[in-house]
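Colleague: pasting the sequence and the predicted coordinates here, then a few questions.
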Amino acid sequence: MEKILEIRDLHVEVEGKEVLHGVNLSIGRGEVHAIMGKNGSGKTTLSNTVMGHPKYKVLSGDIRLQGESILGLTPDERARKRLFLAFQYPVSIPGVTVAQFLRSAILSVRGGEIEPKNVRKLIKEEMAKLDIPDSFMTRFLNEGFSGGEKKRLETLQMRLLKPSMMILDETDSGLDIDSLKRVSEGVESLREKDKSILLITHYQRMLGYVKPDFVHVFIDGRIVKSGNAALALELEERGYEWLSGEKAN
């Protein structure tokens, strides 16, 4: 199977401290992987490094997207190669409306595919599929949004930008039961044979809606165990301590 994302022996430093200690992960086209681990285990460091955040320094190893190393690319260049990161805490941008932001993002990433005159129609079509009200368009980006509204907006972005590799960093954080179900259904709707998803979480609850093909356990900056969806249920029952002595895969 063609590999969409390959992370090879990745070592990463943050503010002078090594946080990732040789991460290896391969995600095939159409696969859904989940990374589970306690807070502080390095999960968010991994997602930010893959997206190219300048705060995270790659000491060694490689990150390859569809066979090409992306280490030398800026975050916007990675986005144009159809890599998408849904943040744990999406930022608010006062003064920039949702409509302005979405239009700019679409033309930046998919400008060669879509004529500017058709962008508004596309946005409205996808909003209707997610049952997002038109009032979203005139609000400032994430300003005063609830947790569920922020995550639904990110789901809309994924539908509009059509990334081939989606990384969702603790998308379930701060969501009530109804919002979690709605957001999970939106993520599940993105599941296609040509799109891959990496879900990062420390709870099993979202995986009850979005069934992963593979589950990986992250401890102290390493993947120490991998398995199928049953591994997530085992972690829910036993916690993470029973794996603390495991060596990296």
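Modeller: The structure has been received and is ready for your questions.

Colleague: state the pLDDT value of residue 247.
Modeller: At residue 247, the pLDDT value in this model is 62.

Colleague: other SSEs contacting the helix ranked longest in the chain?
Modeller: For the chain, the helix with the greatest residue count under DSSP state H is helix 147-161. In terms of contact count using 3 or more CB pairs under 8 Å, 6 or more residues apart in numbering; DSSP states H and E, helix 147-161 is assigned the packing partners strand 83-86, helix 98-110, helix 119-129, helix 177-188. Using the backbone N, CA and C atoms, a C-beta is placed for each residue, glycine as well.

Colleague: that one versus helix 119-129: what angle between them?
Modeller: Helix 147-161 and helix 119-129 meet at an angle of 130 degrees, taking axes from the mean of the first three to the mean of the last three CA atoms, to 10 degrees as the criterion.

Colleague: chain center to helix 147-161, what's the gap?
Modeller: Taking the mean of its C-alpha atoms, helix 147-161 sits 11 Å from the chain's own mean (CA atoms, centre = their mean, to the nearest Å).

Colleague: and for stretch 119-132, what's in contact with it?
Modeller: Among residues not part of stretch 119-132, those counted as contacts by CB atoms under 8 Å, 6 or more residues apart in numbering are 99, 102-103, 106-107, 114, 133-134, 136-137, 152-153, 155-156, 159-160, 186, 189.

Colleague: repeat the analysis, applying 10 Å as the threshold.
Modeller: 98-99, 102-107, 110-111, 114, 133-134, 136-137, 149, 152-153, 155-160, 182-183, 185-186, 189 (CB atoms under 10 Å, 6 or more residues apart in numbering).

Colleague: which of those count as buried?
Modeller: Of the members of those, the ones counted as buried by neighbours, 16 or more other CB atoms under 10 Å, are 98-99, 102-103, 106, 110, 136-137, 149, 152-153, 155-160, 182-183, 186.
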